[in-house]
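Novice: Return atomic coordinates for the entry below.
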Amino acid sequence: MTLLELADVGKWYGPVRALEGVSLSVAAGRISCVLGDNGAGKSTLIKIISGLHRHDEGRYTVAGREVRLSSPREALDLGIATVYQDLAVVPLMPVWRNFFLGAELGSLRLDIPRMRAVAREALARMGIELADVDQPIGTLSGGQRQCVAIARAVHFGAKALVLDEPTAALGVKQSGVVLKYVAAAREQGLGVVLITHNPHHAYLVGDHFTLLRRGRMAGSHPRAEISLERLTTEMAGGSDLAELSHELGRPDDPKERPPQ
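Specialist: As a prediction, this is how the structure comes out:
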């Protein structure tokens, strides 16, 4: 089932065209990866999907209905949750308090025991093991904080989950942990949009790959039709990379390396 779809979407910032003719389809139980280097248009695309900015051209549909979102609240009401790279957490607050930030339980006073229990159960359902939900979230690793954010989105009813470079600042081990829970969100039936500049991470979990370059589509491939090597080459510019390699004397070819 298609959860959301962008068709030939474009976005202008004054005289600057940030996106042109970008299309993306997100289905339940699938991970759609959007890849590109800095300046490719990934951030603009996230802002459109999440409701921070409106698109100027093309169509944006959610569950088959065309929308023009004007706020992240509207996106959340439609089941679209976005987890940004710079997580909006309060470091000194405990994990459970951050889990319910903006969605606290209780009318006149916080139902702290219930919030602790719900946070613990929600994390456990995702397979996330924490020693104590009372520990300040700032004491967790970057990967653990990303996992808490993913579990939070799942718990609060997200149907589509947009992840902004979730492994960008993480080491190999922590990246693996985060990608494990990205795959877990797919197994729970969510449609996931994984925004990344890392083709290796994308290929580990992705079902479909959309490549952006200078705000335009540079490729769109289901997993069955592309290898990691080709995905990496296309993201790097394909023929542009080959031309540059030739101009530089193909430094990766041992036979042509300059003498040391």
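Novice: distance of the spatially most central residue of the chain from residue 85?
Specialist: Centroid-nearest residue in the chain: residue 163, 2.0 Å away (criterion: C-alpha atoms, centre = their mean). Going from residue 163 to residue 85 by C-beta to C-beta, to the nearest Å gives 9 Å. All C-beta spots, glycine's among them, are computed from the backbone N, C-alpha and C.
Novice: cool, residue 206 as well?
Specialist: 18 Å.
Novice: Looking at these two, which is more packed in?
Specialist: Counted by other C-beta atoms under 10 Å, residue 206 and residue 85 do not tie: residue 206 has more neighbours, with 27 against 16.
Novice: Phi, psi for that one please.
Specialist: phi -70, psi 150 (degrees, to the nearest 10).
Novice: State the mean pLDDT of stretch 207-217.
Specialist: Mean pLDDT, computed over stretch 207-217, is 95.
Novice: State the distance from residue 64 to residue 183.
Specialist: 27 Å.
Novice: Same drill for those two, tell me which one is more crowded.
Specialist: Counted by other C-beta under 10 Å, residue 64 and residue 183 do not tie: residue 183 has more neighbours, with 13 against 10.
Novice: now what about the helix or strand harbouring the more buried one, what contacts it?
Specialist: Using DSSP states H and E, residue 183 sits in helix 172-187. Contact with helix 172-187 is made by 29-31, 126-128, 141-144, 146-147, 150-151, 153-154, 161, 163, 166-167, 170, 192, 194, 201, 204-205, 207, as judged by C-beta atoms under 8 Å, 6 or more residues apart in numbering.
Novice: hang on, the residue nearest to the centre of the chain in a helix?
Specialist: No: secondary structure of residue 163 (DSSP: H, G, I helix; E, B strand; the rest coil): strand, not part of a helix.
Novice: so what's it up against?
Specialist: 82-83, 150, 182, 192-195.
Novice: Quickly list what it is bridged to.
Specialist: Beta bridges link residue 163 to residue 83, residue 194 when assigned by DSSP bridges.
Novice: Distance of it relative to residue 214?
Specialist: 23 Å.
Novice: do residue 194 as well
Specialist: Counting by C-beta to C-beta, the gap from residue 194 to residue 214 is 21 Å.
Novice: how about the strands in the chain?
Specialist: 2-13, 16-27, 31-35, 57-62, 65-66, 80-83, 160-164, 191-196, 208-213, 216-222 (DSSP state E).
Novice: So which of those is nearest residue 101?
Specialist: Among the strands of the chain, strand 80-83 comes nearest to residue 101, with 13.1 Å by C-beta to C-beta.
Novice: Quick one: the helices in the stretch 51-200 of the chain, in order.
Specialist: 72-77, 95-99, 112-125, 142-155, 172-187, 199-205 (DSSP state H, counting those that start in this stretch).
Novice: now for the shortest one, which elements pack on it?
Specialist: Yep, that's helix 95-99 we're talking about. Helix 95-99 is packed against helix 112-125, helix 142-155, with contacts defined by 3 or more C-beta pairs under 8 Å, 6 or more residues apart in numbering; DSSP states H and E.
Novice: May I see the ones you listed organised as a markdown table, with mean pLDDT and mean neighbour count added?
Specialist: Shown next, in a markdown table, are the helices and strands packed on helix 95-99 (pLDDT from 0 to 100; neighbours: other C-beta atoms under 10 Å):
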| stretch | mean pLDDT | mean neighbour count |
| --- | --- | --- |
| helix 112-125 | 90 | 16 |
| helix 142-155 | 88 | 22 |
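Novice: which one of the ones you listed lies closest to residue 104?
Specialist: helix 112-125 (7.1 Å).
Novice: contact partners of that closest one?
Specialist: Counting by C-beta under 8 Å, 6+ apart, residues outside helix 112-125 touching it are 95-97, 99-100, 104-106, 129-130, 133-134, 147-148, 151-152, 154-155.
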